[in-house]
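Asks: Quick one: sequence plus predicted model below, questions after.
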Amino acid sequence: MSSVSPSPYPETDEKADKPKRHEWPLWEVFVRGQHGMSHRHVGSLHAPDAEMAILNARDVYTRRNEGVSLWVVEARHIAASSPSDKGPLYEPSESKIYRHPTFFDIPDDVGAM
Amino acid sequence: MYAQMVKSTGQGVKSLDEMDPQERAFQERINRDEKIEPKDWMPAAYRKNLIRQIGQHAHSEIVGQLPEGNWITRAPTLERKAILLAKVQDEAGHGLYLYCAAETLGVSRDELTEDLLSGKMKYSSIFNYPTLTWADMGAVGWLVDGAAIMNQVPLQRTSFGPYARAMVRICKEESFHQRQGYDIMMKMANGSDAQKRMAQDALNRFWYPSLMMFGPSDKDSVHSAQSMAWKIKMNTNDELRQKFVDQTVPQAEYLGLTVPDPDIAWNEEKGGYDFTEPDWSEFFDVIKGNGPCNVERLAARNKAWDEGRWVRDALLAHGEKRRAARVVAAE
Ligand SMILES: [Fe+2]
Ligand SMILES: [Fe+2]
């Protein structure tokens, strides 16, 4: 919560001062499969621009009909939660067991619910 | 294997009591089979080892395209050509999945590439052997991809999340590779006498180099012990080699081919075959750069990198220009 990092890979920032002039930007790739599911992150790749990123993603991640739709996002635009926030972010939901339907005992006589 | 002889930086494996609290918490997560993710704390040596291992693995996939690429234009039928092309394209994909995994550890793609091109980082010794006949395409798919599968299947459970996920993708594709190789071998072994001789000759040449892929015996190696404690290596080299021999000998029998080792014999007691170890002096020589194709392989990668530079630069400049134009238009 306190520290939302702009880069999914903070370790790479240490090297940010090194010249990387020839390296194409890093893109994260998301694919939606055949069966109406949400887009799912499948990996990343380098490409000079969004159009090339889509074409490369087609070749790298959908060679066997893995998807019907592709999203690419430049990795530097992804904000990620930090591991040290794991507690404050997710612990609050642990105690709220009443959010699950199994919390409530409904007599069998009521029928399916 | 695809990452042979990865030297770890640690000296022996520390017990939990010897570790500082952060290190201990990390090791306990690994012991519980929790995945380590890129942003999590990890010991510097774990990071360094993984960069070497995943990098070597990626380089092997990329350089591994060369011996098979050699036959694409000379495949005997259009169907075989299409299949081989798809197989080699998969290997490019495998390299890319693995470079991505390595990059999450803080190394850049170009650094890895440059370390391969300068010879600082290694790739698997197997790709320094030539592919002389079409039967070699069969032997490579059957034996080399077969050996790779032995190693890669357990790595799907490795402790580093991005590496494990890359392995899952790779393993899904490898079975096609091995089967198309064995299919070529079946055709050749059941063909004319000349084809049969080619198949036997391919097996003769690739048998021992395939056994070398697992690396020398590492029973007493501190490097391996540390990698196994970190679950970035799941089995010893000898375990995997034995499994490979046990799987492959009956497959050779089915083809009517002879494994080039007169001492192959089933050992009832250990439930596996006894076999002759490869010539390890040859292995170390190939690793050092003196295999039949080391020079040719590195020269081919360097040529591709150097001659592709203007394309990479031009596309980058074009991409930047368009991004800048879009920013101006938006203002
Ligand atoms: Fe591969
Ligand atoms: Fe393969």
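Replies: Everything's here; your move. Numbering: from 1, shown residues only, chains lettered A, B, ... in the order given. Ligands and ions are numbered 1, 2, ... in the order given.
Asks: Assign the residue nearest to residue A:106 when sequence neighbours are not counted to helix, strand or coil.
Replies: Spatially, and ignoring its direct neighbours in sequence, residue A:106 is nearest to residue A:113 (5.4 Å; Cβ to Cβ, 6 or more residues apart in numbering or on different chains). (Each C-beta comes from the backbone N, C-alpha and C, glycine too.) Recorded secondary structure, residue A:113: coil (DSSP: H, G, I helix; E, B strand; the rest coil).
Asks: residue contacts, residue A:44?
Replies: Contacts for residue A:44 (Cβ atoms under 8 Å, 6 or more residues apart in numbering or on different chains) come out as A:26-29, A:75, B:100, B:103.
Asks: for the spatially most central residue of chain A, phi and psi?
Replies: For chain A, the residue nearest the mean C-alpha position is residue A:41 (5.1 Å; Cα atoms, centre = their mean). Dihedral angles of residue A:41 (phi, psi; degrees, to the nearest 10) stand at phi -70, psi 130.
Asks: Quick one, grab the pLDDT at residue B:327.
Replies: Looking at residue B:327, its pLDDT reads 80.
Asks: Could you say which helix or strand holds it?
Replies: helix B:294-330 (DSSP states H and E).
Asks: Tell me if that helix is near chain A.
Replies: Yes - contact check for helix B:294-330 against chain A, using Cβ under 8 Å from any Cβ of the partner chain: residues in range are B:309, B:312-313, B:315-316, B:318-319, B:322-323.
Asks: mind listing what's buried in that helix?
Replies: B:294, B:297-298, B:301, B:312, B:316, B:319 (16 or more other Cβ atoms under 10 Å in any protein chain shown).
Asks: ok, now stretch B:256-270?
Replies: Applying 16+ other Cβ under 10 Å to stretch B:256-270 flags B:257, B:259-261 as buried.
Asks: The helix holding residue B:327 packs against which elements?
Replies: Counting contacts by 3 or more Cβ pairs under 8 Å, 6 or more residues apart in numbering or on different chains; DSSP states H and E, helix B:294-330 packs against helix B:44-63, helix B:65-69, helix B:109-117.
Asks: what's the most buried one of those?
Replies: helix B:44-63 (a mean of 23; mean count of other Cβ atoms under 10 Å in any protein chain shown).
Asks: could you say what helices and strands the longest helix seen in chain A packs with?
Replies: In chain A, with assignment by DSSP state H, the single longest helix is helix A:50-61. With contacts defined as 3+ Cβ pairs under 8 Å, 6+ apart, the packing partners of helix A:50-61 are strand A:26-32, strand A:40-46, strand A:69-74, helix B:78-103.
Asks: Enumerate the residues of chain A near ligand 2.
Replies: Contact residues, chain A versus ligand 2 (Cβ under 5 Å from the ion): none.
Asks: Quick one: classify the residue in chain A positioned nearest to ligand 1 as helix, strand or coil.
Replies: Closest to ligand 1 within chain A is residue A:63: 12.9 Å, counting by Cβ to the ion. With three-state DSSP as the basis, the three-state label of residue A:63 is coil.
Asks: Would you agree it is in contact with residue B:91?
Replies: No - applying Cβ atoms under 8 Å, one finds residue A:63 not in contact with residue B:91, separated by 11.7 Å.
Asks: who's more crowded, the two?
Replies: Higher neighbour count among residue A:63 and residue B:91: residue B:91, with 24 against 13, using other Cβ atoms under 10 Å in any protein chain shown.
Asks: Check whether that one really touches residue B:63, as I assumed.
Replies: No - Residue B:91 is beyond contact range of residue B:63, at 9.4 Å (criterion: Cβ under 8 Å).
Asks: Provide a list of residues in contact with residue B:247.
Replies: B:146, B:150.
Asks: Return the distance of it relative to residue B:147.
Replies: Distance from residue B:247 to residue B:147, counting by Cβ to Cβ, to the nearest Å: 10 Å.
Asks: one step back: now the angle from the helix holding residue B:327 to helix B:44-63?
Replies: 100 degrees (axes from the mean of the first three to the mean of the last three Cα atoms, to 10 degrees).
Asks: and helix B:294-330, how far out from the chain's middle?
Replies: Mean C-alpha position of helix B:294-330 versus that of the full chain (Cα atoms, centre = their mean, to the nearest Å) differs by 27 Å.
Asks: need the residues of chain B near ligand 2, please.
Replies: B:145, B:174, B:177.
Asks: Lowest-confidence one in those?
Replies: Where pLDDT dips furthest among the residues of chain B next to ligand 2: residue B:174, at 94.
Asks: Let's test this: name the helix or strand in chain B with the lowest mean pLDDT.
Replies: Taking mean pLDDT, DSSP states H and E as the measure, helix B:222-229 is the helix or strand of chain B with the lowest mean score, a mean of 88.
Asks: picking up where we left off before, closest to residue B:168 out of the buried residues of helix B:294-330?
Replies: Distance to residue B:168 across the buried residues of helix B:294-330 (Cβ to Cβ) is lowest for residue B:301, with 27.1 Å.
Asks: Read off the pLDDT value for that closest one.
Replies: So residue B:301 comes in at 97 (pLDDT).
Asks: ok, it touching residue B:118?
Replies: No - the pair residue B:301 / residue B:118 is not scored as a contact, 10.6 Å apart, by Cβ under 8 Å.
Asks: Not counting sequence-adjacent ones, nearest residue to residue B:121?
Replies: residue B:115 is the one closest to residue B:121 (Cβ to Cβ, 6+ apart), at 4.1 Å.
Asks: and the gap between that neighbour and residue B:59?
Replies: 9 Å.
Asks: what do you get for residue B:310?
Replies: 24 Å.
Asks: What of residue B:134?
Replies: Taken as Cβ to Cβ, the span from residue B:134 to residue B:59 is 26 Å.
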